[in-house]
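Trainee: predicted structure and sequence below. I'll ask about it afterward.
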Amino acid sequence: MTSLDNDNVPPDSATQAAINFGVDDIDLPRCRICRSVAHLRFAGHPGYVLGTTYDIYECVGCDASFASPLQADDRIYEHIYQHAAAISGYDRYDRYATMVRQVRNPRTWLANREDVYYAIDAMVRRIELAHPRLVEIGAGLGYLTYALAHSGCTIEGWDISQSAVQKAIDRFGPHYRVRDVFAPAGADAQRFDVIIMTELIEHVADPAGFLAAASRFLAPGGSFLLTTPNKSFFEQRLIWHTDPPPVHLWWLAERSLAKLGERLSMNVHFFDFSKYNDWHRPNPDMGVSTSSAPTRGAMLNEDGAPLSIAPPPEPWRLFPLSQSLVPAVAGCVRSAARSLGANVDRRPSTRRRPTCAFSLVPA
Ligand SMILES: [Zn+2]
């Protein structure tokens with residue numbers, strides 16, 4: 001049935017836009033976030049595993065891109081975590097899990113390493129005087145939960161992976177539980193003031209359903225702190241500049257996240273990265289080609305082994321002091337050069353990063 005079959009319900013504006021452009025919505029899938037029609041953006045995009053392909057659809061209502069088939073494959077994470085140290089993108093998580101135990105202030109150390117943790121640190125700082133009960137869902141290797149607990153937060157980490165939770169307990173202590181957000185909550189289930197999810201919702205087939213299920217664990221007035229790759233940071237011509245499916249199933253724009261908030265009857269507040277960008281100016285090119293061909297390819301071979309070994313980290317990235325000093329010195333040099341009238345970049349720092357951080361608070 002199309003929305004036009006029902007005489008009583010006019011098509012939503014996005015569907016009307018598709019019809020106006022001559023798009024036949026009979027066979028088009030609907031966006032699971034805003035329920036508008038989505039059109040095929042690219043057929044046969046390379047998947048995470050060599051030889052697999054996915055079609056990429058783009059929602060006309062909220063700009064979200066999603067993969068088809070829209071189905072997670074949990075087996076792939078066994079391969080990824082088995083080879084995490086060798087897989088580009090996951091190698092740094094493995095390093096963080098080792099390093100946070102060796103530094104004096106793991107929370108600040110993480111915040112200095114990556115925009116995701118910078119934003120979470122700042123957003124938690126705004127609320128922690130109220131002593132909120134926190135939970136990190138999708139805690140993975142457990143280092144963020146550990147870093148927040150180490151700084152005095154009351155927090156536990158949940159993951160659906162028994163092996164991930166066991167590893168986290170072995171490394172960091174008993175802050176972790178195997179927990180599936182879709183499992184029955186129970187009347188006596190613990191509720192939390194804040195649910196943290198970093199780089200998680202892009203992995204699930206139904207982000208709105210996942211957040212709705214997770215919201216059962218929110219205390220009255222509770223909120224979410226989330227991060228996900230930000231499609232709005234990049235140019236429209238890019239098809240899918242994020243991990244190939246089925247690892248990432250969604251590439252979400254800020255409009256998609258606003259729609260997610262509407263579905264949950266919550267308000268969205270985007271984190272402003274301007275200050276961070278003063279010292280860590282994002283490069284919008286990010287090594288991306290100028291063509292409209294796929295910019296991401298397979299990461300694992302058919303047997304689940306990494307296709308290319310992640311490069312070893314630059315030595316200065318291993319040391320927290322240099323991590324904060326290098327951009328600080330670069331920023332000072334830029335400011336000094338600017339005050340001397342040199343021809344340096346005068347653009348104001350953008351609030352966006354390749355990652356979007358945001359909170360969902362009760363409307
Ligand atoms: Zn949509």
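Mentor: Looks like it arrived, so ask away.
Trainee: could you point out the longest strand in this structure?
Mentor: For the chain, the strand that runs over the most residues, judged by DSSP state E, is strand 218-229.
Trainee: what residues does this structure have near the ion?
Mentor: Cys31, Ile33, Cys34, Ser36, Cys59, Gly61, Cys62, Ala64 (Cβ under 5 Å from the ion). C-betas here are computed from N, CA, C, even on glycine.
Trainee: how does it look with 8 Å?
Mentor: Within the chain, the positions adjacent to the ion are 14, 31-36, 38, 59-64, 255-256, 259 by Cβ under 8 Å from the ion.
Trainee: contacts for stretch 246-255?
Mentor: 33, 47-48, 54, 62-67, 69-73, 76, 80, 201-205, 207, 228-232, 240-242, 256, 260, 270, 299, 356 (Cβ atoms under 8 Å, 6 or more residues apart in numbering).
Trainee: if you set the cut-off to 6 Å instead, what comes out?
Mentor: The contact list for stretch 246-255, computed with Cβ atoms under 6 Å, 6 or more residues apart in numbering, reads 48, 62-67, 70, 72-73, 202, 205, 228, 231-232, 240, 242.
Trainee: what's the ChimeraX syntax to select whichever of those residues are buried?
Mentor: Remark: buried members of the contacts of stretch 246-255, expressed as a ChimeraX selection using 16 or more other Cβ atoms under 10 Å:
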select :48,62,63,64,65,66,67,70,202,205,228,231,240,242
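Trainee: kindly confirm my reading that Val116 is in a strand.
Mentor: No - in this structure, Val116 is helix, not part of a strand, as judged by DSSP: H, G, I helix; E, B strand; the rest coil.
Trainee: just confirm it contacts Leu200, I think it does.
Mentor: No - here Val116 lies out of contact with Leu200, judged by Cβ atoms under 6 Å, at a distance of 11.0 Å.
Trainee: neighbours of the closest residue to Ala293 other than its chain neighbours, just the number please.
Mentor: Closest residue to Ala293 apart from its sequence neighbours, by Cβ to Cβ, 6 or more residues apart in numbering: Ile239 at 7.8 Å. Residues contacting Ile239 under the criterion other Cβ atoms under 10 Å number 17.
Trainee: check which helix or strand covers Ile239.
Mentor: Assigned by DSSP states H and E, Ile239 belongs to no helix or strand.
Trainee: roughly how far apart are it and the ion?
Mentor: From Ile239 across to the ion, the span is 17 Å (Cβ to the ion, to the nearest Å).
Trainee: close enough to count as contact, that residue and Gly44?
Mentor: No - assessed by Cβ under 6 Å, Ile239 is found out of contact with Gly44, at 11.2 Å.
Trainee: what about Gly51, how many neighbours?
Mentor: 9.
Trainee: check contacts around Tyr54.
Mentor: Contacts of Tyr54 (Cβ under 6 Å, 6+ apart): His45, Gly47, Ala67, Pro245.
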